[in-house]
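Student: Need a 3D model of the sequence below.
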Amino acid sequence: MHIYRADLRDLTGCLQLDASYETEHVWQITQQQEGSQVVTRFQVTRLPRAMQVQYPSWSEALLAHQQRGDLILVAATAMNVHGYIDQETQPDQSLAWIHHLVVGPEHRRQGIGSQLLARGLQHARQQALAQIMTAVQSKNYPAIQFLQKHGFKFSGYNERYYRSRDIALYFVRGL
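Tutor: Have a look, this model is predicted:
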């Protein structure tokens with residue numbers, strides 16, 4: 001397995017990866033008015049059965065990120081892409097933003113995502129950034145667990161982030 005900066009040929013392999021996931025839990029949101037305060041709570045809820053979820057579409061964005069020079073690293077063997085990270089540097093915010101971290105289903109739980117993340121963190125440190133951030137769907141419990149395992153902390157949400165109207169949960173980690 002080699003991890004290297006993607007070229008245009010690699011983007012096709014990235015886009016062919018099945019980024020869907022299966023989840024048995026969601027972060028369920030509740031909001032209520034308590035006097036003059038609005039209280040928002042998240043509760044991890046177990047679903048009655050496992051749910052297969054399609055990953056939000058990103059094809060046009062990946063090419064745009066490549067063209068503007070964002071960090072796109074692929075994990076590949078013999079011309080087959082097994083995973084990738086798409087990460088933007090925002091120096092004015094001292095922030096690295098992970099747009100996508102995807103590993104194909106047959107290669108998950110083998111350390112590929114952790115290796116890609118480690119390289120993304122290394123790149124952000126080399127740019128003298130202070131933190132790294134990402135957003136995930138509230139139902140992407142496997143990604144939430146992955147991020148928490150790697151030191152990311154919940155830092156907010158947006159109910160209108162995704163076209164599908166799924167809730168985006170923001171996670172951040174210091175460098």
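
Student: residue with max distance from the center of this structure?
Tutor: Most distant from the centre of the chain: residue 35, at 36.2 Å, with distances by CA atoms, centre = their mean.

Student: Dihedrals phi and psi, it?
Tutor: Dihedral pair for residue 35: phi 70, psi -120, per degrees, to the nearest 10.

Student: Tell me which residues of the lengthiest helix in the chain come out buried.
Tutor: If you go by DSSP state H, the chain has its longest helix at helix 112-126. Neighbour counts over helix 112-126 (16 or more other CB atoms under 10 Å) mark 112-113, 115-117, 119-121, 123-124 as buried. Any C-beta I mention is one placed from the backbone N, CA and C, and that applies to glycine too.

Student: looking at the chain, which helix or strand is least sure?
Tutor: Confidence across the helices and strands of the chain bottoms out at helix 59-68, with a mean of 89, counting by mean pLDDT, DSSP states H and E.

Student: Can you check what angle separates the helix or strand just after that one from helix 112-126?
Tutor: Sequence order places strand 71-77 as the next helix or strand after helix 59-68, per DSSP states H and E. Between strand 71-77 and helix 112-126, the angle comes out at 150 degrees (axes from the mean of the first three to the mean of the last three CA atoms, to 10 degrees).

Student: coming back round to it: next secondary structure after the longest helix of the chain?
Tutor: Counting by DSSP H and E, the next helix or strand C-terminal to helix 112-126 is strand 131-137.

Student: helices or strands next to that following strand in the packing?
Tutor: strand 95-103, helix 112-126, helix 141-149, strand 168-174 (3 or more CB pairs under 8 Å, 6 or more residues apart in numbering; DSSP states H and E).

Student: Tabulate the ones you listed (JSON lines), appending distance to residue 82.
Tutor: Formatted as JSON lines, these follow (distance: least, CB to CB, whole Å):
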{"stretch": "strand 95-103", "distance to residue 82": "6"}
{"stretch": "helix 112-126", "distance to residue 82": "6"}
{"stretch": "helix 141-149", "distance to residue 82": "16"}
{"stretch": "strand 168-174", "distance to residue 82": "23"}
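
Student: would a markdown table of these with mean pLDDT be doable?
Tutor: Below are these laid out as a markdown table (pLDDT from 0 to 100):
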| stretch | mean pLDDT |
| --- | --- |
| strand 95-103 | 97 |
| helix 112-126 | 98 |
| helix 141-149 | 98 |
| strand 168-174 | 98 |
